[in-house]
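1. what follows is a predicted protein model with its sequence.
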Amino acid sequence: MIDRTEVATRTPASLAHLKKLGQPIVMVTAYDYNSAVAAEAAGVDIVLVGDSAAMTMLGYASTQLVSLDEMLMLTRAVRRGLARTLLIGDLPYGTYESSDDLALTTARRFIGAGCDAVKLEGGAQERVSRVRTLTNAGIPVMGHVGLTPQSTGVGEAYRVQGRTAGQALQVLNEAKALENAGCFVLVFEAIPAEVTALLAPRISVPVIGIGAGSATDGQVLVFDDLVGLSVGRPAKFVKRYADVRSEFSAAIAAYADDVRARRFPAPANGYVIDPSELDTLRSALGHSG
């Protein structure tokens, strides 16, 4: 097995090599400097600055509501926390759909913010055109098929994709089109595991799953979901590896109790002044009345 904490900087080519070796690829989202540092220390292969930050970090009701400037601000923070990990930026809703030129302008801003690649959702013909434009400009692209949250309106439920033979074939056709347009990696989201097991072997680039079973080349989870920071009931595919939100709440409650009981700050939490300087200060204050 590869020691992920000692590998060189991740690149699209190195992910293809991991697929060839049969080594699972680990991807997480991150939205700030601290989560990026934690992800890299854990040796993950890819960090995605996902538009899920709209809900996890910014309190919006949908990924559709996050702005380009907000995503770029988060991206720059994550970049400062990474040295080796491949960084991918999620092109937010409304910043690439209408034309190839708009997609290229947006993608270049993410590259300027420190990304190694960008991600866009969907496999319809216009998305294929966007991917081809970006890859022709030298910008690596991650594709995304199955459930595409940006296509889900505010208040609408996310739905599993590929539950009929026709839907499954559509997922495959979109995935192949994105691969042929130049995507170096694809995300399969919310697809039945049995369907993924049939489709993934037909894709030559690495496939990263989220709610798509174990037959993919790797997995991705949202940072806040896996550490237990997210509010509300997690999706079925989420496994929580910690309960950080409860730890945060307990720590803040303990701090509040100490402040109200005047236990904090204690002498150990403060600074001191030389006694002679303190005497001089007292004298000066006394003299001044």
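-> Yep, that arrived.

2. all contacts plus neighbour counts: C-alpha atoms, from now on.
-> Noted.

3. for stretch 121-129, list every residue counted as buried.
-> Buried residues in stretch 121-129, counted by 16 or more other Cα atoms under 10 Å: 121-123, 127-129.

4. from those residues, which land in helices?
-> 127-129 (DSSP state H).

5. residue 173 and residue 45: what is the separation?
-> Relative to residue 45, residue 173 is positioned 27 Å away (Cα to Cα, to the nearest Å).

6. residue ranges for the strands of the chain, please.
-> 25-29, 46-49, 86-90, 117-119, 141-146, 185-189, 207-210, 218-221 (DSSP state E).

7. who does the fourth one pair up with?
-> So that's strand 117-119. Pairing partners of strand 117-119, with direction, according to DSSP bridges: strand 86-90 (parallel), strand 141-146 (parallel).

8. for the last one, the averaged confidence score.
-> To tie it back to what came earlier, the one meant is strand 141-146. Here strand 141-146 scores 97 as its mean pLDDT.

9. from the chain's centre, how far out does it sit?
-> 14 Å (Cα atoms, centre = their mean, to the nearest Å).

10. need the ones in helices among the buried residues of stretch 121-129 in JSON lines with pLDDT, can you?
-> JSON lines is the format used below for these (pLDDT from 0 to 100):
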{"residue": "127", "pLDDT": "94"}
{"residue": "128", "pLDDT": "96"}
{"residue": "129", "pLDDT": "97"}
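
11. which one among those residues gets closest to residue 34?
-> Residue 34 lies nearest to residue 127 out of those, by Cα to Cα, at 32.9 Å.

12. what's near enough to touch the closest one?
-> Residue 127 makes contact with 97, 120-121, 178 under the criterion Cα atoms under 8 Å, 6 or more residues apart in numbering.

13. stretch 90-109: end-to-end distance?
-> 12 Å.

14. again, but for stretch 132-145
-> Note: stretch 132-145 ends 16 Å apart using Cα to Cα.

15. give the buried residues for it.
-> For stretch 132-145, by 16+ other Cα under 10 Å, it's 132-135, 139-145.

16. can I get these in a markdown table with distance to residue 189?
-> Output for these, formatted as a markdown table (distance: Cα to Cα, whole Å):
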| residue | distance to residue 189 |
| --- | --- |
| 132 | 22 |
| 133 | 24 |
| 134 | 23 |
| 135 | 23 |
| 139 | 23 |
| 140 | 20 |
| 141 | 17 |
| 142 | 13 |
| 143 | 11 |
| 144 | 8 |
| 145 | 7 |
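
17. spatially nearest residue to residue 53 (excluding sequence neighbours)?
-> Excluding its sequence neighbours, the residue lying closest to residue 53 (Cα to Cα, 6 or more residues apart in numbering) is residue 31, at 6.5 Å.

18. ok, now which ones touch the one you found?
-> Contacts of residue 31 by Cα under 8 Å, 6+ apart are 49-50, 53, 57, 74-75, 77-78.

19. as JSON lines, those residues with pLDDT would be great.
-> Shown next, in JSON lines, are these (pLDDT from 0 to 100):
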{"residue": "49", "pLDDT": "98"}
{"residue": "50", "pLDDT": "96"}
{"residue": "53", "pLDDT": "96"}
{"residue": "57", "pLDDT": "94"}
{"residue": "74", "pLDDT": "98"}
{"residue": "75", "pLDDT": "98"}
{"residue": "77", "pLDDT": "98"}
{"residue": "78", "pLDDT": "98"}
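
20. quick one: buried ones out of those?
-> Counted by 16+ other Cα under 10 Å, the contacts of residue 31 give 49-50, 53, 74-75, 77-78 as buried.

21. so where do the helices sit in the protein?
-> 12-21, 33-41, 53-56, 68-80, 100-112, 125-136, 165-181, 193-199, 223-226, 244-260, 275-288.

22. and of those, who's closest to residue 216?
-> Closest approach to residue 216 among these is made by helix 193-199 (7.2 Å; Cα to Cα).

23. show me which positions of that closest one end up buried.
-> 193, 195-196, 199.

24. just to revisit the earlier point, need the strands paired with strand 117-119 in CSV with distance to residue 166, can you?
-> Converted to CSV, the strands paired with strand 117-119 look like this (distance: least, Cα to Cα, whole Å):
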stretch, distance to residue 166
strand 86-90, 28
strand 141-146, 13
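
25. tell me which of the ones you listed sits nearest to residue 40.
-> Residue 40 sits nearest to strand 86-90 of all the strands paired with strand 117-119, at 9.7 Å, using Cα to Cα.

26. so the closest one versus strand 25-29, what angle?
-> 50 degrees (axes from the mean of the first three to the mean of the last three Cα atoms, to 10 degrees).

27. now what about strand 86-90, what contacts it?
-> Counting by Cα under 8 Å, 6+ apart, 9-11, 45-51, 71, 75, 79, 110, 114-120, 142 sit against strand 86-90.
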